[in-house]
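# sequence plus the predicted model coming up.
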Amino acid sequence: MKRKILRLLSVIACCCILLLLLTKCADVMRRKESDQKYLPFFEHADDIDVLFMGSSHVINAVYPMELWEHYGITSYNFGGHQNQLPTTYWVMENALDYAEPKVVVIDCLYLLRNDKTASTFENMHLSFDAFPLSVTKTRAVFDLLDREERKRRKKNADGADTGEKHGRLDLLWDYSVYHVRWEELSKEDFVVEATKEYGAESRVLIAKPGPVIKNPGTKYEGETAGIRYLKKMIESCRKKGIDVVLTFLPYPIGSENLWQAVNTVYDIAKEYDVPYIDFYKTDTVDLTTDCFDADSHLNPSGAWKVTDHLGKYLRDSLNVPDHRGDAAYRYWDDDYAVYRSEKLARLDEAGDLNTYLMLLSDPEMEYAMSVGDMRIYEDEVTAHLLAAKGIEPSETASSIPDIEAPPVSEHQIGFIVYDRKTKEVLHMAGFALPEEIPEEERRANEFGVVVMDSYAQRIY
């Protein structure tokens, strides 16, 4: 009997060791995009006061580090690429296993959709891989990938079978997906370097916005998966004593269906007595300058404006606390310093005048400018970007009073960039227009997006 017990214990020990080894292998083999996005959340979940939930429109429109710098608000961006509201609900529930925020902000873009999951399964991995296996994660996977959703995923828009075989096991035990990555392994698979954007993603490009139609004022009559799960999110937060704010982030709306979604959120907000920020009534962004693509996700110029609007609301209407100066939150200042250096590095990478001016929309930056070629003002995008800083057409201009602009030659434009608070010089750059400006249309990139670069190109 004693020998049988020892053998049993040996078998159990071997199984435990094998399970541990497989778990470690799974951690190494997993793609690290999800870890890079969410690692700071797991490190500091106890300190997070606000969660931002939604699709990629949230990822590109809300900057937690800016909320910290200007309002002392601790937040995290849980937006996920193509995340439908059922997915957003379960991402929130998993996050609430670790955090006790005061506010959850939910964007309602996909309100009228019945899909539960993103069309690209890699985006599901981005949203869930970083969460350890738990009861909540298991419930999420079984609910999101129910029979109907799995059947839907196997069909493309024309109803043809796609042959896609991704399923529940791939999310619950991702080693089944990533075990073939041996040849792809790199340093970052062993030492994860997380982003300091706290879940956000900056997309540095100015795109021509898509077409916009007038709001017909109609609402959706009926129920969708998006509506059901949005209500579940509100009810879940209410049970936990968490305030909810609904939003519809700004972008060019070109369909009546999307306007119906914007209008329908008002009824849900009224039903649950929660605030709704309809950005189409705030005139917050300028679509001429603030779009990253035609759909349109926002570039930093638009995101800074949206983030500032939300920061004021969270501070003034919901009394979210300001933690600046609190020694327990000093690491936010350290992370912000890294984030700020990354912002400054983007100025070095800007190859044309419009992209540079878009990055100078940063509320922390001011600049003096000398113009050796007044033709730059003929570019509508350039004119809008300058006007946003209060600069009118002239040969020398400054967004800081009594700051001398740098000297320039004919056809050139020169900049000296300053820190708004300290007046420290942050950057210098020069651009030049060609003697003959092309008359052809703006270039389109590999994704078919019309890019609104300036013809004034970087010279230093």
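Here it is on my side, so go on. Numbering: from 1, shown residues only.
# for the stretch 51-200 of the chain, what spans make up the strands?
Per DSSP state E, counting those that start in this stretch, the stretch 51-200 of the chain carries strands over the ranges 75-77, 103-107.
# kindly reformat those as a markdown table and extend each row with mean pLDDT and distance to residue 447.
Backbone N, C-alpha and C define where each C-beta goes, glycine included. A markdown table is the format used below for the strands of the stretch 51-200 of the chain (pLDDT from 0 to 100; distance: least, C-beta to C-beta, whole Å):
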| stretch | mean pLDDT | distance to residue 447 |
| --- | --- | --- |
| strand 75-77 | 98 | 23 |
| strand 103-107 | 98 | 23 |
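# deepest-packed of these, please.
Per-stretch averages of neighbours, counted by mean count of other C-beta atoms under 10 Å, single out strand 75-77 among the strands of the stretch 51-200 of the chain, with a mean of 28.
# ok, residues contacting that strand?
By C-beta atoms under 8 Å, 6 or more residues apart in numbering, the surrounding residues in contact with strand 75-77 are 40-41, 48-52, 58-59, 62-64, 67-68, 95, 99, 197-200.
# swap in stretch 329-344?
Under the criterion C-beta under 8 Å, 6+ apart, residues 40, 44, 47, 65, 68-69, 74, 196-198, 323, 359, 362, 364, 426-427 lie in contact with stretch 329-344.
# possible to save the strands of the stretch 51-200 of the chain as JSON lines with distance to residue 116?
Output for the strands of the stretch 51-200 of the chain, formatted as JSON lines (distance: least, C-beta to C-beta, whole Å):
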{"stretch": "strand 75-77", "distance to residue 116": "22"}
{"stretch": "strand 103-107", "distance to residue 116": "16"}
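# not counting its neighbours along the chain, what's nearest residue 300?
residue 202 (5.3 Å; C-beta to C-beta, 6 or more residues apart in numbering).
# rewinding a little: give me the subset of the contacts of strand 75-77 lying in helices.
Using DSSP state H, 40-41, 58-59, 64, 67-68, 95 are the members of the contacts of strand 75-77 that sit in helices.
# can you name the next helix or strand after the host helix or strand of residue 262?
Assigned by DSSP states H and E, residue 262 falls within helix 256-272. Downstream of helix 256-272, the first helix or strand assigned by DSSP H and E is strand 276-278.
# quick check: mean pLDDT of that following strand?
Averaging pLDDT along strand 276-278 gives 98.
# elements contacting it?
Packed against strand 276-278 by the contact rule (3 or more C-beta pairs under 8 Å, 6 or more residues apart in numbering; DSSP states H and E) you find strand 243-248, helix 256-272, helix 300-318.
# go with 7 Å
Judged by 3 or more C-beta pairs under 7 Å, 6 or more residues apart in numbering; DSSP states H and E, strand 276-278 is in contact with strand 243-248, helix 256-272.
# of those, which is nearest residue 345?
When the helices and strands packed on strand 276-278 are ranked by distance to residue 345, counting by C-beta to C-beta, first place goes to strand 243-248 at 30.0 Å.
# how about the helices of the stretch 151-300 of the chain, start to end?
Defined through DSSP state H, counting those that start in this stretch, the helices belonging to the stretch 151-300 of the chain, from first to last, are 168-172, 175-178, 225-239, 256-272, 300-318.
# tell me the most buried of those helices?
Greatest average neighbour count among these goes to helix 300-318 (a mean of 21), per mean count of other C-beta under 10 Å.
# average model confidence for stretch 260-272?
Average pLDDT, stretch 260-272: 98.
# who touches that stretch?
By C-beta atoms under 7 Å, 6 or more residues apart in numbering, the surrounding residues in contact with stretch 260-272 are 108, 111-112, 217-220, 230-231, 234, 246, 248, 275-276, 278, 280.
# once you drop chain neighbours, what's closest to residue 250?
Once flanking residues are discounted, residue 250 sits nearest to residue 279: 4.1 Å by C-beta to C-beta, 6+ apart.
# for the residue nearest the centre of the chain, which non-adjacent residue is closest in space?
When the chain is reduced to its mean C-alpha position, the nearest residue by C-alpha atoms, centre = their mean turns out to be residue 59, at 1.2 Å. Distance criterion C-beta to C-beta, 6+ apart; nearest residue to residue 59, sequence neighbours excluded, is residue 79 at 3.9 Å.
# number of residues surrounding that neighbour?
Per other C-beta atoms under 10 Å, the neighbour tally for residue 79 reads 26.
# neighbours around residue 44, how many?
Quick note: residue 44 (other C-beta under 10 Å) scores 18 neighbours.
# please identify the helix or strand for it.
Remark: residue 44 resides in helix 33-44, with elements defined by DSSP H and E.
# which parts of that helix are buried?
By neighbour count, and taking 16 or more other C-beta atoms under 10 Å as the criterion, the buried residues in helix 33-44 are 34-41, 44.
# name the spans of this protein whose pLDDT lies under the cut-off.
Within the chain, the segments meeting pLDDT under 70 span 1-32, 154-166, 173-192, 397-403, 440.
# so what are the domain limits for it?
1-27, 31-333, 351-458 (automatic domain parsing).
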